[in-house]
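[1] build me a structure from this.
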Amino acid sequence: MPHGLQGTNIGSYRIGIDALLQSGISRPPLPLFWQRICSLTGFIIVLSGLTIQSCIVIDTFSPRGYGPVAMLLKMLSYFTILTNLLVAASHGIALTAPESRPGRWLMRPAFSSALLLYTTLVGSLYLLLLSPFLHLQGWQWVANAMLHYITPLLYLIFWLLFVPKEPLPWRLALVWLAYPLGYLLWVLGRGALLGDYPYFFINPLRQGYGRTLACAGLLGIVFLLAGFAVIAGNRALHGSRRRRLGLES
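    All right, here's what the predicted structure looks like:
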């Protein structure tokens, strides 16, 4: 092959790979059919867990005189419930309207990686901080397994297989703190009004505001470091795909 033509072909190859990187790498690496199967599985699991947990809350608190609004606010005071609702919404939209504007937005690496961070910490923090003190049985055990263990694992699989990977900026780890910070303000405000807090480590009635805020600060550091780890994972997987496409030596 003439030297000039060979250079032209190599240049065209590079341009084509660059175009592929800009378009193909921003799309799920597996067919949409399998993405919907994964979303359907995740949606069924998380919806089942939320439904079972709702029935348990009604059965437990209705005899104590709690009305529907009070029971709803009780459920929404748990980080686990709020995060699993976000996962259910994400899977539901990915399942029914993946090409819609909300569907594309939910598949953006910045959002889906944040959701991976939150749902992973739901399982990890429960395992480390709460599970040693709980001995669940029956349907409570089933709901707990679905919401704390199975849902985070399924979302991790979904993220690995179907969410596009990009070299996310490190500052996103700070932005992702907005959700747990907002949750902290919501829980403290609700608790100040009702005298009820969902977790012992953010209960100022039990340990005072100083220790509660110290615990919250430590958890914030955990969220920040875990956020950096998620961003590092995005960057590593993005770089690995570039190397497979021949864009890096």
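
[2] element containing the residue positioned nearest the centre of the chain?
    Among the residues of the chain, residue 115 comes closest to the average C-alpha position under CA atoms, centre = their mean, at 2.2 Å. Using DSSP states H and E, residue 115 sits in helix 109-125.

[3] likewise for residue 53?
    Applying DSSP H and E, one finds residue 53 within helix 32-61.

[4] distance check, the nearest residue to residue 146 once chain neighbours are set aside against residue 238.
    Closest residue to residue 146 apart from its sequence neighbours, by CB to CB, 6 or more residues apart in numbering: residue 49 at 3.1 Å. C-beta coordinates here come from the backbone N, C-alpha and C atoms, glycine included. To residue 238, residue 49 is 32 Å away according to CB to CB, to the nearest Å.

[5] then residue 122?
    25 Å.

[6] one step back: so who does the residue nearest to the centre of the chain touch?
    83, 86-87, 90, 155 (CB atoms under 8 Å, 6 or more residues apart in numbering).

[7] sorry, back to before: what's the average pLDDT for the helix holding residue 53?
    Helix 32-61 carries an average pLDDT of 92.

[8] report all helices and strands that that helix contacts.
    Helices and strands touching helix 32-61, as assessed by 3 or more CB pairs under 8 Å, 6 or more residues apart in numbering; DSSP states H and E, comprise helix 68-75, helix 79-96, helix 138-145, helix 151-162.

[9] which of these sits closest to residue 210?
    helix 79-96 (21.6 Å; CB to CB).

[10] give the buried residues for the closest one.
    By 16 or more other CB atoms under 10 Å, the buried positions in helix 79-96 come out as 79-84, 86-88, 90-95.

[11] of all those, which comes closest to residue 212?
    Nearest to residue 212 among the buried residues of helix 79-96, counting by CB to CB, is residue 79 at 14.8 Å.

[12] hang on, isn't the closest one packed against residue 183?
    Yes: here residue 79 reaches residue 183: they are 5.7 Å apart, a contact under CB atoms under 8 Å.

[13] what residue ranges in the protein score low on pLDDT?
    Along the chain, segments meeting pLDDT under 70 span 1-30, 240-249.

[14] hang on, isn't residue 38 packed against residue 156?
    No: between residue 38 and residue 156 there is no contact under CB under 8 Å: 11.1 Å.

[15] who has more neighbours, those two?
    Neighbour totals were compared for residue 38 and residue 156, and residue 38 leads with 21 against 14 (other CB atoms under 10 Å).

[16] which residues does the more buried one contact?
    Neighbours of residue 38 in contact, by CB under 8 Å, 6+ apart: 154, 157-158, 161-162.

[17] same question for residue 211.
    Contact analysis of residue 211 by CB under 8 Å, 6+ apart lists nothing.

[18] which strand or helix spans it?
    helix 204-244.

[19] returning to what we had before: and the buried residues of helix 79-96, which is closest to residue 101?
    Once CB to CB is applied, the member of those that ends up nearest residue 101 is residue 93, at 10.1 Å.

[20] the closest one against residue 103, yeah?
    Yes: counting by CB under 8 Å, residue 93 touches residue 103, with 5.1 Å between them.

[21] starting at the chain centroid, how far to stretch 66-85?
    18 Å (CA atoms, centre = their mean, to the nearest Å).
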